[in-house]
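J.: Sequence and predicted structure below; questions after.
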Amino acid sequence: MSSLAEPSPATAYLWGYVAGDGSVDADGLTLTAPDETAAERLAAIAGGGNVASETTERDYLHDTTITRVEESFDVHVAGGFASTAAGFGLPVDGEAGDASDADYDFGGLAAHERPLLRGIVESSGTVCFKSSSGTVGLSFVHESRQLLRRVQALLDALPVAAPTGEVDDASSGYWFGVDDDAVPAVGPAIYDGCEETELFAPTRRRKLRRSLDQADLEVTGRV
């Protein structure tokens, strides 16, 4: 197993998860995956760790009066990852840094923008079919405005156009969305090549595919 300080597709995917919905402290790193397959893959990348399922109730981004119940999987890996996380610009609680100093520059991880984006999409992104417009939405929400700006830069590096809205206030931090018209190209571009590396969460890719298929049916039905 290569060092987590060495930029690679696998480490980019893992640190994308940590950046999106994880933490690093003196005890180790913790992240949350949407399905058991992704959780086991992430634990293996980190050299082994504990995986535990959890049921959570979350507010919808645009309507906090509606909640959804989801099963997720927490991964905890014991070890000294603080200096590595700080070196990639991630916040560290404790000895190696402070959350206020995090700039999320990702260092060499940014060269692996697709697995890095995949990790961030699957941990802090939302894909949904919009019945009112027959389109698919792709949005990101996080407590750090700086992380979301880095995500916008990673989207700009994709080989397809990925226009986004401004980073704006949300109920739990900040958010922005990819233009709906661009999602049918952006979504598959993020997951391009993932089967060869197995660096993806099957449930999240299926949801993206189902949403895009549903949007296609809407368009076909209106013609």
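T.: Good, I have the coordinates.

J.: So for stretch 103-121, what gets flagged as buried?
T.: Within stretch 103-121, the residues that qualify as buried by neighbour count (16 or more other CB atoms under 10 Å) are 104, 106, 109-110, 112-121. Bear in mind the C-beta positions are built from the backbone N, C-alpha and C, glycine included.

J.: so where's this structure uncertain?
T.: Counting by pLDDT under 70, the chain contains low-confidence residues at 1-2, 56-69, 94-101, 219-223.

J.: switch to 80 and redo it
T.: Across the chain, the ranges flagged by pLDDT under 80 are 1-2, 55-70, 94-101, 218-223.

J.: domains for it, by residue range?
T.: 9-110, 112-222 (automatic domain parsing).

J.: distance between the ends of stretch 197-207?
T.: Using CA to CA, to the nearest Å, one end of stretch 197-207 lies 19 Å from the other.

J.: before we move on, what about stretch 90-107?
T.: Stretch 90-107 has an end-to-end distance of 10 Å (CA to CA).

J.: Kindly report the same for stretch 182-196.
T.: Separation of the first and last residues of stretch 182-196 by CA to CA is 25 Å.

J.: That one: which residues count as buried?
T.: Residues of stretch 182-196 classed as buried: 182, 183, 184, 186, 187, 189, 190, 191, 194 (neighbour count, 16+ other CB under 10 Å).

J.: picking up where we left off before, any chance of the domains of the chain in CSV, plus distance to residue 3?
T.: Output for these, formatted as CSV (distance: least, CB to CB, whole Å):
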stretch, distance to residue 3
domain 9-110, 8
domain 112-222, 15
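
J.: if we can go back for a sec, from the buried residues of stretch 182-196, which land in helices?
T.: Judged by DSSP state H, the subset of the buried residues of stretch 182-196 located in helices is 183, 184, 186, 187, 189, 190, 191, 194.

J.: Spit out the contact partners of the fifth one.
T.: Counting by CB atoms under 8 Å, 6 or more residues apart in numbering, residue 189 touches 114, 158, 159, 160, 162.

J.: Going by distance to residue 85, which of these wins?
T.: Sorting the contacts of residue 189 by how near they are to residue 85, with CB to CB, puts residue 114 at the top with 21.1 Å.

J.: List the residues that contact that closest one.
T.: Going by CB under 8 Å, 6+ apart, the list of residues near residue 114 reads 9, 158, 189, 190, 191, 192, 193, 194.

J.: Please apply the same query to residue 34.
T.: When contacts are counted by CB under 8 Å, 6+ apart, residue 34 is found next to 70, 72, 73, 122, 201, 203, 204.

J.: ok, how many other residues are close to the third one?
T.: The reference is to residue 73. By the measure other CB atoms under 10 Å, the count of residues near residue 73 is 21.

J.: what does the last one give?
T.: With neighbours defined by other CB under 10 Å, the count for residue 204 comes to 20.

J.: ok, longest helix in the protein?
T.: helix 202-222.

J.: list the helices and strands that helix packs on?
T.: In terms of contacts (3 or more CB pairs under 8 Å, 6 or more residues apart in numbering; DSSP states H and E), helix 202-222 is packed against helix 36-45, strand 125-130, strand 135-142, helix 183-191.

J.: possible to save those as a markdown table with distance to residue 87?
T.: A markdown table is the format used below for these (distance: least, CB to CB, whole Å):
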| stretch | distance to residue 87 |
| --- | --- |
| helix 36-45 | 17 |
| strand 125-130 | 24 |
| strand 135-142 | 20 |
| helix 183-191 | 25 |
